[in-house]
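Participant: how does the following fold in three dimensions:
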Amino acid sequence: MMLVRFKKERAEYFLRCLNNGQPMTRDCPEPGWTIEEMMQLAGACFYAICCHGPEMKFAGMEPQDGVDEDELLKRCEPPADPEHREAWARSLLNDFHAAVEVVGKLTSLVHQGEYDKDYEASMMFRAGQIVDGQINTEVVPLEGFKQA
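Facilitator: Residues are numbered from 1 along each chain as shown. Model prediction:
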């Protein structure tokens, strides 16, 4: 699963830039863009694309009951067996897509003025895809969720 930090203020900033055709700057002291910033931007762009295309179904934001955090962390480790690395890489890519979709959903809530009722200004979660006959997005809240 992918670890994601979401900041409402950055979502608002990216939406303003996208709506007004303005250049975007990063919000970190290190040189270059961080993964955290790129994930926020990717989610904002995903949401903006969805606003201009056919209606998209976003990932659910409800936490899954009975999720074992240690088991989720094991999914991030590449397997020692080279034959299993390809499947592991595909799973990691699926988790990335799930994370972008969830950030897109959060950005849509910011845009619609519905974010504050359920989330803090800054939040952190893990997101990934679970394939069990069908593909489902799983969200594990870590901090910044107002509802348990």
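
Participant: what residues are up against residue 36?
Facilitator: Residue 36 makes contact with 4, 5, 28 under the criterion C-beta atoms under 8 Å, 6 or more residues apart in numbering. (Each C-beta comes from the backbone N, C-alpha and C, glycine too.)

Participant: which of those sits closest to residue 109?
Facilitator: residue 4 (14.7 Å; C-beta to C-beta).

Participant: does that closest one touch residue 139 like I think?
Facilitator: No. If you go by C-beta atoms under 8 Å, residue 4 and residue 139 don't touch, sitting 9.3 Å apart.

Participant: got any residues that touch both of those two?
Facilitator: Common neighbours of residue 4 and residue 139, using C-beta under 8 Å, 6+ apart, are 102, 125, 126, 127.

Participant: can you turn the buried part of the contacts of residue 36 into a ChimeraX selection?
Facilitator: What follows is the ChimeraX syntax selecting those of these that are buried according to 16 or more other C-beta atoms under 10 Å:
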select :4,5
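
Participant: out of the contacts of residue 36, which sit inside strands?
Facilitator: Residues of those located in strands (DSSP state E): 4, 5.

Participant: average pLDDT for stretch 23-41?
Facilitator: The average pLDDT for stretch 23-41 rounds to 86.

Participant: first vs last residue of that stretch, how far apart are they?
Facilitator: This stretch, stretch 23-41, spans 12 Å end to end (C-alpha to C-alpha, to the nearest Å).

Participant: can you start the count at 3 instead of 1 from here on
Facilitator: Sure, I'll start numbering at 3, so the last one becomes stretch 25-43.

Participant: list the buried ones in that stretch?
Facilitator: Judged by neighbour count using 16+ other C-beta under 10 Å, the buried positions of stretch 25-43 are 35, 38, 39, 41, 42, 43.

Participant: list just the nearest of the residues you listed to residue 87.
Facilitator: Within these, the smallest distance to residue 87 is 23.5 Å, found for residue 41 (C-beta to C-beta).

Participant: who's in contact with that closest one?
Facilitator: Listed by C-beta under 8 Å, 6+ apart, the contact partners of residue 41 are 6, 101, 102, 105.
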